[in-house]
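Enquirer: 3D, please:
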Amino acid sequence: MSRIILIAGAGGPAGQAVVRRFAGLGDTVIGVDKSGADGSLPVDLLDPRAVQDLAERIKDEHGRVDGIIHLVGGWRGSASFAETSLADWALLHDLLIRTLQHVTLAFEPLLRASADGRFAIVSAKAAQHPTQGNAAYAAAKAAAEAWTLAFADALKGTDSAAAILVVTALVHDAMRAAAPGKQFKGFTDVADLAAALTDLWDTPAAEVNGRRIDLTG
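Expert: Residues are numbered from 1 along each chain as shown. Sure thing, here's the model as predicted:
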């Protein structure tokens, strides 16, 4: 049976790589992105009513969701701790935390209805090892991780799981083309990220739930 997979943030390079990976496996992929880019549904994940409407639409059409990959992100940094902008924090709070909250709260019942469901976010090493120049980013990522772990706790005893995949940074072909001499050491290719996400179904839900999977090695 084809899985029903929701990709939040499907319009970016990582989102497109993940969409291709799941579609190539024969899954039914529902991509959403505020921009509506690359055929994704134009949904503003900062609008809780819009997210709830999306959940109700998917429930009416499919009755469940088997995977939610939350790829909504962004980065802001500063030269020093004292130069940290709280406007950057407000932006990152919305992108990394608020969208995550809206999606998980709206879709928990549908994920619980799956016989083998997975939820995943992509986090960063910075969440565990913040530096003065990425205080806002690291704090937002850490909060997103905490929220995801709370979601994992809510899924205990079900056939679904929530996990965190950790990278240093992501790289894709356009980045390499723009900087042909750069090595991108320690970066995770978006195709490898996509493979790691589909691999979450290779392990029983109870063993995946609450895991923090490091892709930086």
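Enquirer: next secondary structure element downstream of the helix or strand of the chain with the lowest mean pLDDT?
Expert: Least confident helix or strand of the chain, by mean pLDDT, DSSP states H and E, is helix 173-178 with a mean of 88. Per DSSP states H and E, the first helix or strand lying C-terminal to helix 173-178 is strand 188-189.
Enquirer: ok, the most centrally placed residue in the chain to Val43 distance?
Expert: Centre of the chain computed as the mean C-alpha position; nearest residue by Cα atoms, centre = their mean is His70, 2.5 Å away. Distance, His70 to Val43, by Cβ to Cβ, to the nearest Å: 13 Å. The way it works is simple: take the backbone N, C-alpha and C, and place the C-beta from them, glycine included.
Enquirer: contacts for the top helix by length along the chain?
Expert: Identified as the longest helix of the chain according to DSSP state H is helix 135-155. Residues external to helix 135-155 that are found in contact with it (Cβ atoms under 8 Å, 6 or more residues apart in numbering): 75-78, 81, 84-86, 88-89, 92-93, 95-97, 100-101, 104, 108, 111-112, 119, 121, 123-124, 126-131, 161-164, 205, 209-210, 212.
Enquirer: quick revisit: hmm, who's touching the least confident helix or strand of the chain?
Expert: By Cβ under 8 Å, 6+ apart, helix 173-178 touches Pro13, Lys182, Phe184.
Enquirer: which of those residues count as buried?
Expert: With neighbours counted by 16 or more other Cβ atoms under 10 Å, the contacts of helix 173-178 contain no buried members.
Enquirer: mind putting these in CSV, pLDDT and distance to Ala139 included?
Expert: Formatted as CSV, these follow (pLDDT from 0 to 100; distance: Cβ to Cβ, whole Å):
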residue, pLDDT, distance to Ala139
Pro13, 93, 25
Lys182, 91, 28
Phe184, 90, 25
